[in-house]
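J.: A predicted structure for the sequence below; I have some questions about it.
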Amino acid sequence: MMRTSALFATVPAFSTPNVPIKIRIALGALTAFFVSSAQPAVSVDGWPFLQVLILMTSEVLVGVLLGFVSRLFFYALDIGGAVIATGIGLMMPMDVNPFQANQSTIPTNILYQLAIMIFFTTDMHHWFFAGLSKSFEVLPMGQANFGGSMIRTLIPMTAGIFSVGVMIAGPIMTVSFILLLLFSFLGRAVPQMNVFAESFSFRILAGLIVFGMTCDVMAEHIVQFVRGIPLDLMSAVNSLKD
C-alpha cells in the first residue's frame, strides 16, 4: 500500500488539489489490494520495528520516484507554456491552474488541459496501472537499491523535458522571432515610431493564431511523450534493481 499511496499522492491527474486526500488514500489502498492479490506475500513476522520502518520508507520512496517520473512531462508543459507566454507577451496574466496548487500562465493551463484529455482518451491510465502492477513483479517489496544506476537513468529523463518543452513552443518561438526582427527593421526605418509598444498587439495576435493552428502539432508531441510514460516507469524500476 505504501508504494501505491505514495504514487497516487504525486502522479498527475490524481495529486491535484481538487482530489481530496481521502480519495487518494482510498484509491491507493484499493489499487494495492488488487495488485497484491497477484503477488507473493511478504511475511514480516519476527522483524524488528526498525527493519519494518526501513521497508515502509523504501516503498514510499519507490512510489514517489514513479510519481516523479510520471510528472516529468508536465514539467515540460510548464517550460513550453512559459516560453509560449513569453513569446506572445502573455507572461504577466496568470490564472489558477486546477492541476497545481499555484497559478500558471494561460498557455500552460491550456496545455495541461490538453495533456490530461489525451492521457485519458488514449487509455494511458490503463497502461499506467499495468505498469504499476508490473513494477511489483520486477521489483518486489524491500529490494530497491537507490544508487548510481537510478541517477544515471533519471538524468536523461530530466534533461529530455527541456527538449520537449522547446518542441512544443517551437512554432511560437519562430513567429515571435520573425516579428521582433521585422519590427527592429521598422524601428530603423521609422525612428519616430515606438516599435516596442506597437509590437505587443501584433505579437499577441500572431501568437494566438499560430497557437491555434499548431495545436495538432503540440498534441502529437504530447501523445508521443505520454505513450512513453509506461516505458519510463519500467526504466526507473529496473534502475532500482542494480
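T.: Structure received.
J.: Show the low-confidence segments of the protein, by residue range.
T.: 1, 12-17, 36-44, 93, 95-101, 242 (pLDDT under 70).
J.: all strands for it, in order.
T.: Counting by DSSP state E, the chain has strands at residues 94-96, 103-105.
J.: what packs against the last one?
T.: Just to be clear, that refers to strand 103-105. helix 49-88, strand 94-96 (3 or more C-beta pairs under 8 Å, 6 or more residues apart in numbering; DSSP states H and E). C-beta coordinates here come from the backbone N, C-alpha and C atoms, glycine included.
J.: Just put the ones you listed in CSV and tack on mean neighbour count and distance to residue 180.
T.: Putting the helices and strands packed on strand 103-105 into CSV (neighbours: other C-beta atoms under 10 Å; distance: least, C-beta to C-beta, whole Å) gives the following:
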stretch, mean neighbour count, distance to residue 180
helix 49-88, 19, 9
strand 94-96, 13, 23
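J.: out of these, nearest to residue 154?
T.: Closest approach to residue 154 among those (C-beta to C-beta): helix 49-88, 7.7 Å.
J.: Not counting sequence-adjacent ones, nearest residue to residue 90?
T.: residue 106 (5.8 Å; C-beta to C-beta, 6 or more residues apart in numbering).
J.: Check residue 7 too.
T.: Distance criterion C-beta to C-beta, 6+ apart; nearest residue to residue 7, sequence neighbours excluded, is residue 63 at 4.0 Å.
J.: now do residue 208
T.: Closest to residue 208 by C-beta to C-beta, 6+ apart is residue 88, at 6.7 Å.
J.: so how far is residue 184 from the one you found?
T.: 17 Å (C-beta to C-beta, to the nearest Å).
J.: cool, and residue 81?
T.: 26 Å.
J.: One more: residue 58?
T.: Relative to residue 184, and taking C-beta to C-beta, residue 58 is found at 57 Å.
J.: centroid residue for the chain?
T.: With distances taken as C-alpha atoms, centre = their mean, residue 74 lies nearest the centre of the chain, 2.4 Å away.
J.: That residue and residue 113 touch, don't they?
T.: No - under the contact definition of C-beta atoms under 8 Å, residue 74 does not touch residue 113, with a separation of 11.7 Å.
J.: Common neighbours of the two, please.
T.: The overlap between the contact sets of residue 74 and residue 113 (C-beta atoms under 8 Å, 6 or more residues apart in numbering) is empty.
J.: can you pull the contacts of residue 189?
T.: So residue 189 contacts nothing (C-beta under 8 Å, 6+ apart).
J.: need the contact list for residue 83.
T.: 165, 166, 169, 172, 173.
J.: Repeat the analysis, applying 6 Å as the threshold.
T.: residue 169 (C-beta atoms under 6 Å, 6 or more residues apart in numbering).
J.: Give me the distance between it and residue 168.
T.: Counting by C-beta to C-beta, the gap from residue 83 to residue 168 is 8 Å.
J.: relative to helix 49-88, how tilted is the biggest helix by length in the chain?
T.: Taking DSSP state H as the criterion, the chain has its longest helix at helix 148-189. For helix 148-189 against helix 49-88, the angle by axes from the mean of the first three to the mean of the last three C-alpha atoms, to 10 degrees is 10 degrees.
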